[in-house]
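Trainee: next come a sequence and a model predicted from it.
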Amino acid sequence: MAKYMSVLLDDKRMEAIKGSGLEEKIDKMFGGALNAFTLELSDAKAKEVMDAFFTARVDSRAFITDVPIAFCRTLFEEIAKAKSLGDDVIDAVLARVDEIKEAADKESEFLPVPEF
Amino acid sequence: MLRIDTPPPHGGRLEERVVRDPELGKKLAKSCAATYDIKPTLSDGVPIRNVYREIMSICYGFFSPVEGSMKKAEVERILKERRLLNNWIFPYPLVFDITEEELKDLGVTVGDRLLLRLKGKPFAMIDIEEIWRIDNAEKLATKTFGTPEDNPEVVQEAFNAKMPGWVIYKSLNPVVLAGKYTIINEPTFLKPFDRFWLPPVKSREEYARRGWKTVINHQTRNVPHIGHEFLMKDAGFTGDIEPCHGIQVNAIIGVKRAGDYPDEAIIEGHEAVNLGGYIKPERHIVTFTLWDMRYGNPLESMLHGIIRQNMGCTHHMFGRDHAAVGEYYEMFATQTLWSVGIPSFGFPASVNDVPYGLLIRPQNMREFWYCPVCNEIAYSECCGHTKEKQKFSGSFVRGMVAEGIFPPKVIFRPEVYKVIVKWWKEFNYPFCNAKYVKEKELRLEVDLPDMDI
Ligand SMILES: [Zn+2]
């Protein structure tokens, strides 16, 4: 069974994907107040993510949650770069697993302040 | 006949045990037989409680009619039937506990007065009326919160080291000095707490000044998202012949657990709701009480009722899993206490319908969610779109905050979110991390003026 991951999009992120052709794949949440991408992961990719991050779990809707915050940030960066929502994006994120884990180790003490 | 008026304090009169004349304070300090520096209660070296918060809440009248550290007979009666020796209902033992070595070093005995220092300065005193021992702190902890066998109506699981309140009682020192507390050197609150400090005598004055008779209280230990805001607004329609005049937020400020929002963000986040005009300041007031949360769900709700009745509130909102952690208590245990009672805790009827009970009225609420069909923040008992509803899941909201996503208006008001970011910058973290928790217990919420003795 396929697994999913949700990527939330605020105004800043919407700006970053402008003209990428991904706009039409946006899901609306909270009556259109919140935009998100829903990635569908093949079983093999889902397993790679679950294996790489021991906190990760699959919730009742088959969404992978509880991955490091750095994973979510990186996931958006790679989507914006590749202009894709496919398994290739997950590969690109997993290629940066060391960097993500390093940031994740500090996540219990430090999280970068968002700038608006 | 239908009008509801400000209730009297629990026990009939407000206790205020605060000496405001520095000369008298000095004189009292000099009359003390010994001096003791208040220390936090520790578990594995981590502070989990500071008795100074209990002394503050008792001496400023939040816990009226309690006047001090409890005698053995009073603690035993509380554990048996949740009543003080003067019959008024009360949920928890409150004691001033020290070690045997400390007792030996102090050399105090019954009839002595002990000066209590906080942050190195004179703060309060206790008039020792009894010295007794806790034989088995773990047993005391278990009796305080209940067991599935003894309290089958509401306790589902035996308490253990993951329950903060149970750990607090289990970690108490064995010697209890029982007697009345008196604050002899009034502390000043650090920013931003100073502008939210409204102890019962003052809150009653403030309600009267605003012309409020009916006031509904919202308990919080959270930065308010829209679900909280609509709970407050909708519960605010309760009242008598008109909606409640006032909506009060009373935050419980005390020892933090990693992952909680910082106290500064919680209290200013609620203030942002009224500064943003979502509930206008004329109808909304933000206050706090010092207390290290015990997470005793129905028992904690009784304490919440006592605190807010003493403050002058007529109504109190209670939701699902009120002051709960884990699944030790049944999720509606608090509403059970306030609707039909919990006989095994000594309440064959609601705490409003027993002798020496409470007068503040419960408003037992279900939940709020976002419904795209109703196109509003909907009440679960109104909205029939169970398939379309979108809940304000705590982990979802926290994940969004942690990732630095600017939340949409249907989740956080921008003014509230900006408060989160303000304190995130201050502490380099949006939630309480280990560093915050540690530093907070050194800093506490107050400073004390110098007092030369
Ligand atoms: Zn609906």
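Mentor: Nice, thanks for sending it over. Model, not experiment: these values are computed from the prediction.
Trainee: where along chain A do the strands fall?
Mentor: A:3-9, A:27-29, A:34-41, A:57-58, A:64-65 (DSSP state E).
Trainee: which residues are in contact with the residue of chain B positioned farthest from its centre?
Mentor: Residue farthest from the centre of chain B, counting by C-alpha atoms, centre = their mean, is residue B:373 at 37.4 Å. Residues counted as contacts of residue B:373 (C-beta atoms under 8 Å, 6 or more residues apart in numbering or on different chains) are B:383, B:385, B:388. (Glycine included, C-beta is placed from N, CA and C.)
Trainee: so the last one, which state does it fall into?
Mentor: It stands for residue B:388. Under DSSP: H, G, I helix; E, B strand; the rest coil, residue B:388 falls in the coil class.
Trainee: tell me the SS of the residue lying closest to residue B:251 once chain neighbours are set aside?
Mentor: Excluding the flanking residues, the one nearest residue B:251 by C-beta to C-beta, 6 or more residues apart in numbering or on different chains is residue B:288, at 4.3 Å. Under three-state DSSP, the three-state class of residue B:288 is strand.
Trainee: please work out how many residues are found near residue B:288.
Mentor: Residue B:288 is flanked by 22 other residues according to other C-beta atoms under 10 Å in any protein chain shown.
Trainee: thought it was touching residue B:250?
Mentor: Yes: between residue B:288 and residue B:250 there is a contact under C-beta atoms under 8 Å: 6.4 Å.
Trainee: which element, helix or strand, includes whichever residue of the stretch 51-200 of chain B sits closest to chain A?
Mentor: Closest approach between the stretch 51-200 of chain B and chain A, counting by C-beta to the nearest C-beta: residue B:162, at 17.9 Å. Assigned by DSSP states H and E, residue B:162 falls within no helix or strand.
Trainee: just to revisit the earlier point, okay, the strands of chain A in TSV with distance to the ion and mean neighbour count next?
Mentor: Shown next, in TSV, are these (distance: least, C-beta to the ion, whole Å; neighbours: other C-beta atoms under 10 Å in any protein chain shown):
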stretch	distance to the ion	mean neighbour count
strand A:3-9	22	20
strand A:27-29	15	15
strand A:34-41	17	19
strand A:57-58	28	14
strand A:64-65	25	19
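Trainee: can you classify the residue nearest the centre of chain B as helix, strand or coil?
Mentor: For chain B, the residue sitting closest to the mean C-alpha position, by C-alpha atoms, centre = their mean, is residue B:252 at 4.1 Å. With three-state DSSP as the basis, residue B:252 sits in strand.
Trainee: need the contact list for it.
Mentor: Contacts of residue B:252 by C-beta under 8 Å, 6+ apart are B:219-221, B:288-289, B:291, B:293.
Trainee: quick check: it vs residue B:290, distance?
Mentor: Noted for residue B:252: a distance of 8 Å to residue B:290, by C-beta to C-beta, to the nearest Å.
Trainee: now residue B:212
Mentor: 24 Å.
Trainee: for stretch B:151-161, buried residues please.
Mentor: Neighbour counts over stretch B:151-161 (16 or more other C-beta atoms under 10 Å in any protein chain shown) mark B:151, B:153-155, B:159 as buried.
Trainee: stretch B:2-17 too?
Mentor: Buried, per 16+ other C-beta under 10 Å, within stretch B:2-17: B:4, B:6-7, B:9-11, B:14-15, B:17.
Trainee: give me every residue in chain B lying close to the ion.
Mentor: B:371, B:373-374, B:378, B:383, B:385 (C-beta under 5 Å from the ion).
Trainee: please check the residues you listed and keep the buried ones.
Mentor: B:371, B:374, B:378, B:383.
Trainee: if we can go back for a sec, sort out which of the residues of chain B next to the ion are in helices and list them.
Mentor: Residues of those located in helices (DSSP state H): none.
Trainee: hey, what's residue B:122 bridged with?
Mentor: Counting by DSSP bridges, residue B:122 forms beta bridges with residue B:117.
Trainee: list the contacts for it?
Mentor: Going by C-beta under 8 Å, 6+ apart, residue B:122 touches B:25, B:29, B:115-116, B:184-185, B:448, B:451, B:453.
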